[in-house]
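Asker: Only the shape, not the letters, is given here:
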């Protein structure tokens, strides 16, 4: 703890008092971050267990388990394999997303009652005055009050590698770093309203992916469900005419209905998705759910801006195509 001594280019300020900081914290204006983007583990398990395919095969599986023999129910293990593939992948993605944070465990220096004090990030409140020096990370958004040669690295936010000079009155955003100079800034956005926390929440937010493959399989299963009724009726009639007992009739009906369900198609689709996710994982790409792989495979155009946020050093412009007055589009190639 040290006195807030004025220096060249700094602003004479005592910051907030301890009472003012406590009052703002009680009003909910502290730098508390609430993550609410990803699905819960219960939702993930529910989404992968309660499916049309599992309902059909699970019902037939349960019937065979009741009337026996158990070895005739081996077809039911496809439910376990298919369900585990989806659950394991999505839980791994959830664990990674829950750990996602642009802001590290920094301890910013806050001016309170004229004294510069190191505090945890969650103790910062709105309108706090924060002291900056080389290597410091900005943990909340704010406005520069004073600076002496203050330069900030915003590459994590904008993709621009060059430091940006900041003068009094200019905005600074959380997630950036001080690379040169000293200064102070006043917190204007804290908690979930801060820019870095907004980015982290958007990245971890779950949105259900539209999958043509899954939709097609569900449509086939829906038709098969309607076919079960006449197929079961015909099978039961044939079993009874052959003077089969009730147990043999039920067992024979289940045996006739199981091949109607495209188990291999469902399982191979899940395995193909899982293999694709593994390959993407080796390239440090995170897939939240298996059908998202199909969505990526259907992409034929990637739109980016001139900063090159999504690019690598090997990318180059192939050609420029005018699309309207005053605007152009570029075809990128050569990775």
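Answerer: Happy to help now that I have it. Everything quoted here is computed from the prediction, not taken from an experiment.

Asker: Phi first, then psi, for residue 151.
Answerer: phi -130, psi 140 (degrees, to the nearest 10).

Asker: Which SSE is immediately downstream of the stretch of helix or strand residue 266 belongs to?
Answerer: Assigned by DSSP states H and E, residue 266 belongs to helix 263-282. The first helix or strand that comes after helix 263-282 along the chain, using DSSP H and E, is helix 292-297.

Asker: Buried ones in that following helix, by neighbour count?
Answerer: Buried residues in helix 292-297, defined by neighbour count with 16 or more other Cβ atoms under 10 Å: 292-294. Yep, even glycine has a C-beta here, placed from its N, CA and C like the rest.

Asker: Then stretch 241-251?
Answerer: For stretch 241-251, burial by neighbour count (16+ other Cβ under 10 Å) applies to 244, 249-251.

Asker: now stretch 114-133
Answerer: So for stretch 114-133, counting by 16+ other Cβ under 10 Å, buried means 116-117, 119, 121, 123-132.

Asker: Give me the phi and psi for residue 65.
Answerer: According to degrees, to the nearest 10, residue 65 has phi -60, psi -30.

Asker: rewinding a little: between the buried residues of helix 292-297, which sits nearest residue 235?
Answerer: Checking the buried residues of helix 292-297 against residue 235 by Cβ to Cβ gives residue 294 as the nearest, at 35.8 Å.

Asker: which stretches of the stretch 101-250 of the chain form helices?
Answerer: For the stretch 101-250 of the chain, the helices defined by DSSP state H, counting those that start in this stretch occupy 155-158, 195-204, 212-241, 246-257.

Asker: measure the spatially most distant residue from the centre of the chain to residue 237 for me?
Answerer: In the chain, residue 243 marks the outermost C-alpha relative to the chain mean, sitting 58.5 Å out by Cα atoms, centre = their mean. Per Cβ to Cβ, to the nearest Å, residue 243 is found 12 Å from residue 237.

Asker: What is the burial count for residue 215?
Answerer: 11 (other Cβ atoms under 10 Å).

Asker: on that earlier part again, deepest of the helices of the stretch 101-250 of the chain, which one?
Answerer: Burial of those is given as mean neighbour count (mean count of other Cβ atoms under 10 Å); helix 195-204 ranks first at a mean of 18.

Asker: elements contacting that one?
Answerer: The contact analysis (3 or more Cβ pairs under 8 Å, 6 or more residues apart in numbering; DSSP states H and E) places helix 195-204 against helix 77-98, helix 155-158.

Asker: starting at the chain centroid, how far to stretch 121-140?
Answerer: 27 Å (Cα atoms, centre = their mean, to the nearest Å).

Asker: where's the residue lying closest to residue 244 once chain neighbours are set aside relative to residue 213, distance?
Answerer: Nearest residue to residue 244, sequence neighbours excluded (Cβ to Cβ, 6 or more residues apart in numbering): residue 252, at 6.6 Å. Going from residue 252 to residue 213 by Cβ to Cβ gives 33 Å.

Asker: on that earlier part again, tell me which of the buried residues of helix 292-297 is nearest to residue 136?
Answerer: Among the buried residues of helix 292-297, and counting by Cβ to Cβ, the member closest to residue 136 is residue 292, at 37.1 Å.

Asker: any idea whether residue 258 is helix, strand or coil?
Answerer: Look at residue 258: counting by DSSP: H, G, I helix; E, B strand; the rest coil, its state is helix.

Asker: Tell me how this structure divides into domains.
Answerer: 41-103+211-297, 124-205 (the TED database).

Asker: mind listing the strands in the stretch 51-200 of the chain by residue range?
Answerer: Here the stretch 51-200 of the chain has its strands, by DSSP state E, counting those that start in this stretch, at 109-112, 115-118, 129-132, 141-153, 164-165, 171-172, 177-189.

Asker: sorry, back to before: need the buried residues of helix 292-297 in CSV (columns: pLDDT and distance to residue 168).
Answerer: Shown next, in CSV, are those (pLDDT from 0 to 100; distance: Cβ to Cβ, whole Å):
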residue, pLDDT, distance to residue 168
292, 75, 45
293, 77, 49
294, 79, 51
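
Asker: how about stretch 171-179: buried residues?
Answerer: Buried, per 16+ other Cβ under 10 Å, within stretch 171-179: 172-178.
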